[in-house]
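Student: Here is my input; please provide its structure:
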Amino acid sequence: MKRVLFLIILLSVAAEGWAQFRGRRSGTATNATGENNLNYANPAEYTIGGIEVTGLNVLDKNAMVSLTGLKVGDKIKIPGDAISSAVAARDASNQPSIAKALAVRVRGDRGVVEVFVDAERSGELLRDLRAGNPIALVCSEPMSHRTIQVKGQRSDVEPLAPGDEQFVGAKVDALVAHIAQLGYPEDGLRAYFAFTPSALTRIIFAASAAFLQTPGPGAGARLKT
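Tutor: So this is what the prediction gives:
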């Protein structure tokens, strides 16, 4: 069956934080694209059926749509291959630690998430996770700002399995190509997402909760895990 997606581009000041506040106060949330029903373990292709820009009073809405590179009739995969992610934890005194995630993988329908980081740049995070503290992962598609947050009670830190290094490299390549379409220089992106292959580390956790964090009225809505 052909899937048609209606995109709403939200460009309000502090939209994400305000939307989360509204969502917590109201206790309800909706999303025009039906994002709460997406299966993040099984990407699907959608055809863009319409694009609407909201939250703009001065800027040219057509220009904003043009900047996204999207147009009606385009086919996009959700979740896409180009996902920018960050992973966080805390220590016993609730001091946060955070690191850039280079790639994320969901194991089928079991709710198990694998996150790949460069250990040389993630020392505090790995320390806190090895101590048995909770984990939080945020994944966002840069071009559309579609974002989810996944939480786990605890995690395991393990070495790579066969093929993981190639998997991470392919995901980084896809992300760099995706963001470069927005006008950012590829050299700078390569430097930002650079990693040491021998330092790659795998974090594994079972998702205990997931939340929609795409800017808009649905931000903060709990997703089925």
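Student: ok, which stretches of the protein are helices?
Tutor: 15-26, 61-68, 123-130, 164-180, 186-192 (DSSP state H).
Student: Using CSV, write out every CA atom in the third one.
Tutor: So the one you mean is helix 123-130. Extracted C-alpha coordinates of helix 123-130, given in CSV (Å, rounded to 0.1, in the frame of the first residue of the first chain):
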residue,chain,number,x,y,z
GLY,A,123,35.0,8.3,28.9
GLU,A,124,32.6,9.8,31.4
LEU,A,125,29.5,8.4,29.7
LEU,A,126,31.0,4.8,29.7
ARG,A,127,32.0,5.2,33.3
ASP,A,128,28.5,6.1,34.3
LEU,A,129,26.9,3.3,32.2
ARG,A,130,29.3,0.7,33.6
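Student: Please parse the chain into its domains.
Tutor: For the chain, automatic domain parsing gives the domain ranges 4-78, 84-223.
Student: what's the least confident stretch among those domains?
Tutor: Mean pLDDT per stretch puts domain 4-78 lowest among the domains of the chain, at a mean of 51.
Student: What about residue 104, how many residues nearby?
Tutor: Applying other Cβ atoms under 10 Å, we find 21 residues neighbouring residue 104. Where you see a C-beta, it was placed from the backbone N, CA and C, and this is true even at glycine.
Student: pretty sure it contacts residue 83?
Tutor: Yes: the criterion here is Cβ atoms under 8 Å, and residue 104 meets it with residue 83 at 6.1 Å.
Student: Return every residue with contacts to both of the two.
Tutor: Residues touching both residue 104 and residue 83 comprise 139, 171, with contact defined as Cβ atoms under 8 Å, 6 or more residues apart in numbering.
Student: Chain neighbours aside, what residue packs nearest to residue 98?
Tutor: residue 88 (4.3 Å; Cβ to Cβ, 6 or more residues apart in numbering).
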